[in-house]
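Enquirer: Sequence first, then the predicted structure, then my questions.
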Amino acid sequence: MTSIVRLPFSHVENSKGQPISESNETLYPPKPPDLESLLHGARPLLLAISLALTFESLTDRDDYTNTMTETTDTPRYSTMDLEDAEAFYHDEITPQMRAEGLAPEHETPTYSWIESHFPGFIKHLSRRFDLSPGDFYERIDVPIESKPEEGPFDFVDDDETRTALEDYLVELRERQGRAESTVATRRSALRLYVRTYKDVNGTDDLLGPLHDDAARADEMDRVADTFDVLRRREDTLTTHASRRKYVQEVRQFYTHQVTFKGARHNPTDQLERRFGWDSTPEWDNQALEADQIRTLYQSATDPVDCLIVIGVCGWGLRPSEVASLRVDQLVLDPPEDDTEAGPYIEFGSERKNGPGTVALLTGVEDATARIDTVVEEAGDDWMGAVFPSSSAESGHLSTSTVRRRFKNLAERAGVTVDGEVPTPKMGRRYWYTAYGEAVRRVAERFADVAEEQGSKSAEVVLDNYLSEAEKRRHRREEIREDLEGLFREEPGVQ
């Protein structure tokens with residue numbers, strides 16, 4: 001409410017400057033201040049606000065060097081966008097690499113090197129941008145020049161070690177007749193092992209210490225130190241079984257040196273015992289239950305996650321097979337004369353330890369919708385990957401990304417197995433368990449026929465009287481209802 005001031009008549013004038021009589025005494029409100037006066041009075045306050053906003057803007061745009069805390073001098077990675085992370089790589093990581101004798105123009109730092117020098121950076125790339133170190137290096141286009149590699153162990157400096165590794169793999173393939181998939185697995189394991197051994201111990205000479213009995217204890221320590229780093233990798237030694245298997249892969253190379261090449265000792269002896277990995281792993285007893293798979297599917301808010309769950313749990317695929325799935329492998333509408341008699345995935349003879357075709361007994365609608373989405377989003381640039389990735393050299397999601405998405409979904413859905421977050425392998429085990437039950441039920445169905453034929457078991461009837469196509473059809477009929485029940489309800493896809 002406006003204040004009213006009563007003025008004495010002797011001080012009041014009319015519009016012509018004439019005094020007003022007491023009888024005409026009038027009430028007047030005070031004259032409001034003009035705008036210029038208001039702005040003049042507020043100028044110091046406005047100046048202070050402007051300076052504060054300018055300082056905040058400059059702080060927000062400042063580079064990563066101003067993200068160091070006053071107390072720890074540690075980079076605050078959470079504030080970095082992708083441009084900041086790239087600048088951090090060139091301005092901080094690259095000089096550190098040069099200081100330690102690395103060549104950033106020709107190579108990128110190893111996983112363990114980054115973790116030891118800049119802990120938290122890799123985790124930030126994964127959480128904020130869903131990028132592995134390799135994806136990040138590809139995104140920022142480093143190294144500038146790649147060293148040509150003629151062989152898988154070209155990075156090994158020690159000539160004798162490099163030759164021994166290459167000769168070992170040749171012998172696996174040509175003398176022992178191992179499958180190419182087995183040789184590839186062994187090659188990959190040894191590449192990672194040798195790189196890590198070199199990072200940890202400063203040398204990649206694996207053979208020299210093997211010919212000196214006095215060096216045995218020290219070499220066993222060096223190997224143990226290498227596995228200390230390997231076991232912390234989220235994509236390598238994640239389970240008790242995988243740790244034992246990885247040790248066995250590496251041990252085979254050392255055993256070959258002892259047996260055929262004159263080495264005096266094997267530095268992986270008793271390695272499992274040293275790490276507490278010597279108990280027999282429970283290889284196949286951990287699997288997701290049907291209700292848990294249904295919960296995963298219904299909790300997924302992204303069609304990619306939905307199809308990953310179907311691929312692992314409903315099709316029985318490995319995470320690597322899901323990640324690299326291509327549209328030309330999917331036969332969603334086969335012709336009537338196709339012997340598979342239903343939609344299926346065609347892998348061919350290159351598939352490791354499994355049939356060349358996998359029946360799609362469920363999830364066909366999800367697969368069709370996914371392909372339609374990819375075609376619409378990618379257009380003419382689409383190269384056929386069901387899960388394309390522009391940041392990966394392969395053109396599709398990495399296996400580690402599929403595993404991570406599966407585990408993240410399980411965490412959000414609150415699904416655990418023995419108190420632990422389940423892995424895709426546990427979903428795949430469900431499929432194999434369900435398939436085994438289907439085979440058993442088919443055999444029970446033919447038990448009466450076997451009895452009438454005087455056969456000892458239903459398996460004899462199945463083997464002798466049914467074609468492969470008929471047996472396959474009966475098994476699929478048994479398992480189809482179980483699988484369709486897992487993915488029947490619509491998930492909350494946004």
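Expert: It's in. Residues are numbered from 1 along each chain as shown.

Enquirer: Pull the number of nearby residues for the nearest residue to Y77 once chain neighbours are set aside.
Expert: Leaving aside its sequence neighbours, Y77 sits nearest to H124 (C-beta to C-beta, 6 or more residues apart in numbering; 3.7 Å). Backbone N, C-alpha and C define where each C-beta goes, glycine included. By the measure other C-beta atoms under 10 Å, the count of residues near H124 is 19.

Enquirer: what helices or strands is the one helix or strand H124 maps to leaning on?
Expert: Per DSSP states H and E: H124 is located in helix 121-129. Judged by 3 or more C-beta pairs under 8 Å, 6 or more residues apart in numbering; DSSP states H and E, helix 121-129 is in contact with helix 82-88, helix 111-117, helix 133-139.

Enquirer: so which of the ones you listed comes closest to W277?
Expert: helix 111-117 (20.0 Å; C-beta to C-beta).

Enquirer: Averaged pLDDT, the closest one. What do you get?
Expert: Here helix 111-117 scores 83 as its mean pLDDT.

Enquirer: With stretch 481-491 instead?
Expert: 69.

Enquirer: Could you do stretch 430-446 as well?
Expert: 75.

Enquirer: now it, how far from the centre of its chain.
Expert: Offset of stretch 430-446 from its chain centre (C-alpha atoms, centre = their mean, to the nearest Å): 33 Å.

Enquirer: just to revisit the earlier point, format the helices and strands packed on helix 121-129 as a markdown table; extra columns: mean neighbour count and distance to E160.
Expert: What follows is these, written out as a markdown table (neighbours: other C-beta atoms under 10 Å; distance: least, C-beta to C-beta, whole Å):
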| stretch | mean neighbour count | distance to E160 |
| --- | --- | --- |
| helix 82-88 | 17 | 39 |
| helix 111-117 | 17 | 24 |
| helix 133-139 | 18 | 29 |
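
Enquirer: mind putting the ones you listed in CSV, distance to D337 included?
Expert: Output for these, formatted as CSV (distance: least, C-beta to C-beta, whole Å):
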stretch, distance to D337
helix 82-88, 52
helix 111-117, 51
helix 133-139, 44
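
Enquirer: Grab the nearest non-local neighbour of Y197.
Expert: T226 (4.6 Å).

Enquirer: Show me what secondary structure element comes after the strand or helix carrying that neighbour.
Expert: Following DSSP H and E, one finds T226 within helix 216-230. Next helix or strand after helix 216-230 toward the C-terminus (DSSP H and E): helix 240-260.

Enquirer: Quick one: list the elements packing against the helix or strand just after that following helix.
Expert: Next helix or strand after helix 240-260 toward the C-terminus (DSSP H and E): helix 271-275. Under the contact criterion of 3+ C-beta pairs under 8 Å, 6+ apart, helix 271-275 touches helix 216-230, helix 240-260.

Enquirer: Looking at these, spot the one closest to N201.
Expert: Closest among the helices and strands packed on helix 271-275, using C-beta to C-beta: helix 216-230, at 4.9 Å.

Enquirer: what about E411, distance to Q257?
Expert: As defined by C-beta to C-beta, to the nearest Å, E411 lies at a distance of 43 Å from Q257.

Enquirer: what's the pLDDT at the residue at minimal distance from the centre of the chain?
Expert: With distances taken as C-alpha atoms, centre = their mean, T401 lies nearest the centre of the chain, 2.2 Å away. pLDDT recorded at T401 is 90.

Enquirer: you'd agree it is up against A323?
Expert: Yes. The criterion here is C-beta atoms under 8 Å, and T401 meets it with A323 at 6.9 Å.

Enquirer: list the residues that contact both of these two?
Expert: Here T401 and A323 share no contacting residue, scored by C-beta atoms under 8 Å, 6 or more residues apart in numbering.

Enquirer: Would you agree the residue nearest to Y197 is in contact with N201?
Expert: Yes. If you go by C-beta under 8 Å, T226 and N201 touch, sitting 7.1 Å apart.

Enquirer: Looking at those two, which is more packed in?
Expert: Taking neighbours as other C-beta under 10 Å, T226 and N201 compare with T226 leading, 22 against 16.

Enquirer: What residues does the more buried one make contact with?
Expert: Y193, T196, Y197, V200, N201.

Enquirer: how much space between the closest residue to the first one other than its chain neighbours and L332?
Expert: What sits nearest to Y193 in space, not counting adjacent residues and going by C-beta to C-beta, 6+ apart, is V250, at 5.1 Å. Computed as C-beta to C-beta, the V250 to L332 distance reads 42 Å.

Enquirer: Tell me which of those two has more neighbours.
Expert: Higher neighbour count among V250 and L332: V250, with 24 against 15, using other C-beta under 10 Å.

Enquirer: Let me know the distance separating the nearest residue to R216 once chain neighbours are set aside from G202.
Expert: Ranked by C-beta to C-beta, 6+ apart and with sequence neighbours excluded, the top spatial neighbour of R216 is H265, at 4.9 Å. H265 is 21 Å from G202, where distance means C-beta to C-beta.

Enquirer: And the strands in this protein, which stretches?
Expert: Per DSSP state E, the chain carries strands over the ranges 5-6, 27-28, 330-331, 344-346, 357-359.

Enquirer: ok, now which ones touch R186?
Expert: Contacts of R186 by C-beta under 8 Å, 6+ apart are L169, L172, E249, Q252, F253.

Enquirer: With distance to S242 and neighbour count as extra columns, can I get those in CSV?
Expert: Formatted as CSV, the contacts of R186 follow (distance: C-beta to C-beta, whole Å; neighbours: other C-beta atoms under 10 Å):
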residue, distance to S242, neighbour count
L169, 21, 19
L172, 21, 20
E249, 10, 17
Q252, 16, 15
F253, 18, 21
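
Enquirer: mind giving me CSV with those residues and columns for distance to D130 and pLDDT?
Expert: Converted to CSV, the contacts of R186 look like this (distance: C-beta to C-beta, whole Å; pLDDT from 0 to 100):
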residue, distance to D130, pLDDT
L169, 34, 94
L172, 36, 91
E249, 29, 92
Q252, 35, 94
F253, 35, 96
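
Enquirer: quick one: the helix holding T226 to chain centroid distance?
Expert: 28 Å.

Enquirer: I'd like to check the angle between it and helix 240-260, please.
Expert: Here the directions of helix 216-230 and helix 240-260 differ by 150 degrees (axes from the mean of the first three to the mean of the last three C-alpha atoms, to 10 degrees).
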